[in-house]
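Visitor: With the input below, show me the fold.
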Amino acid sequence: MSKDHLDPARSVIAKVGIETVSQITGKHVSRVYRWMYSKERGGTGGFIPQTDAAVILRHARENDIELTAEDFFAPAAETAA
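Guide: Have a look, this model is predicted:
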(Lines give C-alpha, C1' and ligand atoms only; values in the text may rest on other atoms or scores of the structure.)
Protein backbone atom coordinates (compact mmCIF):
# COMPACT_ATOMS: atom_id res chain seq x y z
CA MET A 1 0.00 0.00 0.00
CA SER A 2 1.11 3.48 -0.79
CA LYS A 3 1.72 6.30 1.67
CA ASP A 4 -0.85 8.17 -0.44
CA HIS A 5 -3.52 5.92 1.04
CA LEU A 6 -5.34 7.39 4.01
CA ASP A 7 -5.52 6.23 7.59
CA PRO A 8 -7.16 4.79 9.54
CA ALA A 9 -8.31 2.49 6.69
CA ARG A 10 -4.74 1.96 5.45
CA SER A 11 -3.51 0.77 8.86
CA VAL A 12 -6.49 -1.50 9.48
CA ILE A 13 -6.29 -3.09 6.03
CA ALA A 14 -2.52 -3.55 6.37
CA LYS A 15 -3.00 -5.50 9.61
CA VAL A 16 -5.63 -7.83 8.17
CA GLY A 17 -4.66 -7.99 4.49
CA ILE A 18 -6.59 -6.51 1.59
CA GLU A 19 -7.60 -9.87 0.10
CA THR A 20 -8.86 -11.06 3.47
CA VAL A 21 -10.81 -7.84 4.04
CA SER A 22 -12.36 -8.26 0.60
CA GLN A 23 -13.35 -11.85 1.31
CA ILE A 24 -14.79 -11.36 4.79
CA THR A 25 -16.77 -8.23 3.90
CA GLY A 26 -17.93 -9.51 0.51
CA LYS A 27 -16.63 -6.32 -1.10
CA HIS A 28 -14.56 -6.29 -4.29
CA VAL A 29 -10.91 -5.38 -3.75
CA SER A 30 -11.45 -2.14 -5.69
CA ARG A 31 -14.13 -1.12 -3.18
CA VAL A 32 -11.79 -1.87 -0.27
CA TYR A 33 -9.13 0.33 -1.90
CA ARG A 34 -11.67 3.16 -2.12
CA TRP A 35 -11.83 3.24 1.66
CA MET A 36 -8.23 4.47 1.58
CA TYR A 37 -8.85 7.22 -1.00
CA SER A 38 -9.77 10.83 -0.36
CA LYS A 39 -13.35 11.88 -0.97
CA GLU A 40 -12.09 13.94 -3.94
CA ARG A 41 -10.87 10.67 -5.51
CA GLY A 42 -14.21 8.95 -4.92
CA GLY A 43 -13.23 7.33 -1.64
CA THR A 44 -14.41 7.53 1.94
CA GLY A 45 -11.62 9.74 3.22
CA GLY A 46 -9.83 6.90 4.97
CA PHE A 47 -12.81 5.60 6.90
CA ILE A 48 -14.20 2.07 6.75
CA PRO A 49 -18.02 1.87 6.74
CA GLN A 50 -19.38 0.89 10.14
CA THR A 51 -20.96 -2.41 9.10
CA ASP A 52 -17.75 -3.52 7.41
CA ALA A 53 -15.65 -2.35 10.38
CA ALA A 54 -17.66 -4.63 12.67
CA VAL A 55 -17.03 -7.63 10.38
CA ILE A 56 -13.30 -6.86 10.21
CA LEU A 57 -13.03 -6.42 13.97
CA ARG A 58 -14.84 -9.69 14.63
CA HIS A 59 -12.54 -11.50 12.18
CA ALA A 60 -9.48 -9.99 13.88
CA ARG A 61 -10.65 -11.15 17.31
CA GLU A 62 -11.38 -14.66 16.05
CA ASN A 63 -7.95 -14.89 14.39
CA ASP A 64 -5.76 -13.26 17.05
CA ILE A 65 -4.97 -10.21 14.91
CA GLU A 66 -3.99 -7.18 16.99
CA LEU A 67 -6.80 -4.79 16.14
CA THR A 68 -9.09 -2.72 18.35
CA ALA A 69 -12.13 -0.56 17.76
CA GLU A 70 -9.92 2.49 18.28
CA ASP A 71 -7.90 1.51 15.21
CA PHE A 72 -10.90 2.46 13.07
CA PHE A 73 -10.76 6.11 14.12
CA ALA A 74 -8.23 8.75 13.09
CA PRO A 75 -6.05 10.08 15.89
CA ALA A 76 -7.34 13.35 17.37
CA ALA A 77 -4.32 15.23 15.99
CA GLU A 78 -5.30 14.28 12.42
CA THR A 79 -8.96 15.24 12.75
CA ALA A 80 -8.52 18.51 14.65
CA ALA A 81 -7.83 20.93 11.84
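
Visitor: Lowest-scoring secondary structure element of this structure by mean pLDDT?
Guide: Least confident helix or strand, the chain: helix 76-79 with a mean of 48, by mean pLDDT, DSSP states H and E.

Visitor: Residue ranges in this structure under the pLDDT threshold?
Guide: Applying pLDDT under 70 to the chain picks out residues 1-3, 75-81.

Visitor: May I ask you to name the longest helix in it?
Guide: Ranked by number of residues, the top helix in the chain under DSSP state H is helix 50-62.

Visitor: Just the buried residues of that helix, please?
Guide: Buried residues in helix 50-62, counted by 16 or more other CB atoms under 10 Å: 52, 53, 55, 56, 57, 59, 60. C-beta here means a position set from N, CA and C on the backbone, and glycine is covered the same way.

Visitor: Which residue is the nearest non-sequential neighbour of the last one?
Guide: Just to be clear, that refers to residue 60. Distances taken as CB to CB, 6 or more residues apart in numbering put residue 67 closest to residue 60, at 3.8 Å, once the chain neighbours are dropped.

Visitor: what's the helix or strand for the one you found?
Guide: Following DSSP states H and E, one finds residue 67 outside all helices and strands.

Visitor: Could you pull up the contacting residues of it?
Guide: Counting by CB atoms under 8 Å, 6 or more residues apart in numbering, residue 67 makes contact with 12, 15, 16, 56, 57, 60, 61.
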